[in-house]
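Chemist: Sequence and predicted structure below; questions after.
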Amino acid sequence: MSALTLKNVYKAFGDTEVLKDISIEVEQGEFVVFVGPSGCGKSTLLRVIAGLEEATAGEVHIDGKLVNTVPPSKRGIAMVFQSYALYPHLNVANNMSLALKQEGVSKAEIAERVQEASRMLQLDDYLKRFPSELSGGQRQRVAIGRAVVRQPKLFLLDEPLSNLDAALRVSTRLEIASLHKQLDATMIYVTHDQTEAMTLADKIVVLRDGRVEQVGSPMELYNKPANKFVAGFLGSPAMNFLPASLLKDGDTRVIGLRPEYIYLDENGPLSAKVQHVEQLGGDTNVIAMVGEHMVTVRLFGQHAIAPNQQLTLGFDPATLHYFDE
């Protein structure tokens, strides 16, 4: 039985359609990431699943049951928001246990669940602290712990790492991945960060303008993007797009070429003038112009390349992607 099924879901605010014919299947235990640019509808879709927004049309099924008219508290879901939404007057233990107390769970079971979640999230030393005494990463772990103790059928996470600095994002991302494995839980995770999507997901749903562009595993989407939008959205640095006519084969389509598949080649087909060089230590990113078209080249290691230098570039034709209109 699927953990979540969306059938032809639409959502409109007045005359503005935000979600357009969304159909998605999420299996038990899957980690599914909704990804797309700001305004694509991913957070609205999560809120429709949670019951915080009512679908204008279509069906939402959780654990095999139609839940369109079921209130959020009865859907068997737990949500982690971008803002931590912790009660400032309650310590960590009480923030994590409040929902269980409201549901009438026994004191002994509450203590057991809080202890287990605290162990998983390494919060044992902070249970008596208040939110004001915690770092941003610790607060986010408490918010995740509050969801864990409820033992929901479905975890919904709405950009939970966006308020954290770069180092904390990486460490908390690892904690969420580890938690998913420990709990064997079904998780829906919303982000605009394609790195989070690629590193966390079993399955990625790419959204644009309220529609699903493609669904698949991270490597399926990376290696076989359905269209130019998906190809350009996943991957860092982003895929290069050039007219196929540059290859002098008379083709009118657009070619896509990932930066890591381009290399320095004295006999290569592309002549480029360097605009800018990003020395990253382990990698060197070279931004160059091929005629009127900007191209990013990702070279492994350190390279003594300077602006205005002329380069000749090659690539394996097998790595090309072709896109028509």
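Modeler: Ah, there it is.
Chemist: Low-confidence bits of the stretch 1-150 of the chain, can you list those?
Modeler: Flagging of the stretch 1-150 of the chain using pLDDT under 70 yields the residue ranges 1.
Chemist: And the strands in it?
Modeler: Assigned by DSSP state E, counting those that start in this stretch, the strands in the stretch 1-150 of the chain fall at 4-13, 16-26, 31-35, 57-62, 65-66, 77-80.
Chemist: got the angle between the first one and strand 31-35?
Modeler: Computed by axes from the mean of the first three to the mean of the last three C-alpha atoms, to 10 degrees, the angle separating strand 4-13 from strand 31-35 equals 20 degrees.
Chemist: same for strand 4-13, what does it pack against?
Modeler: If you count contacts as 3 or more C-beta pairs under 8 Å, 6 or more residues apart in numbering; DSSP states H and E, strand 4-13 packs onto strand 16-26, helix 42-50, strand 57-62. Every residue, glycine included, has its C-beta placed from N, CA and C.
Chemist: just the ones you listed: most buried one?
Modeler: Mean neighbour count (mean count of other C-beta atoms under 10 Å) peaks for helix 42-50 among the helices and strands packed on strand 4-13, with a mean of 23.
Chemist: circling back to that earlier point, redo the helices and strands packed on strand 4-13 as a markdown table? Include distance to Glu266.
Modeler: Converted to a markdown table, the helices and strands packed on strand 4-13 look like this (distance: least, C-beta to C-beta, whole Å):
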| stretch | distance to Glu266 |
| --- | --- |
| strand 16-26 | 49 |
| helix 42-50 | 46 |
| strand 57-62 | 57 |
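Chemist: Nearest to Tyr10 among these would be which one?
Modeler: strand 57-62 (4.2 Å; C-beta to C-beta).
Chemist: Note down every partner strand of the closest one and its orientation.
Modeler: Using DSSP bridges, the strands paired with strand 57-62 are strand 4-13 (antiparallel), strand 65-66 (antiparallel).
Chemist: from the middle of its chain, how far away would that strand be?
Modeler: Centroid separation for strand 57-62 versus its chain: 22 Å, with C-alpha atoms, centre = their mean, to the nearest Å.
Chemist: what's near enough to touch Ala306?
Modeler: 274, 277 (C-beta atoms under 8 Å, 6 or more residues apart in numbering).
Chemist: ok, back up a step: looking at the strands of the stretch 1-150 of the chain, which is closest to Leu311?
Modeler: Per C-beta to C-beta, nearest to Leu311 of those: strand 31-35, 33.0 Å.
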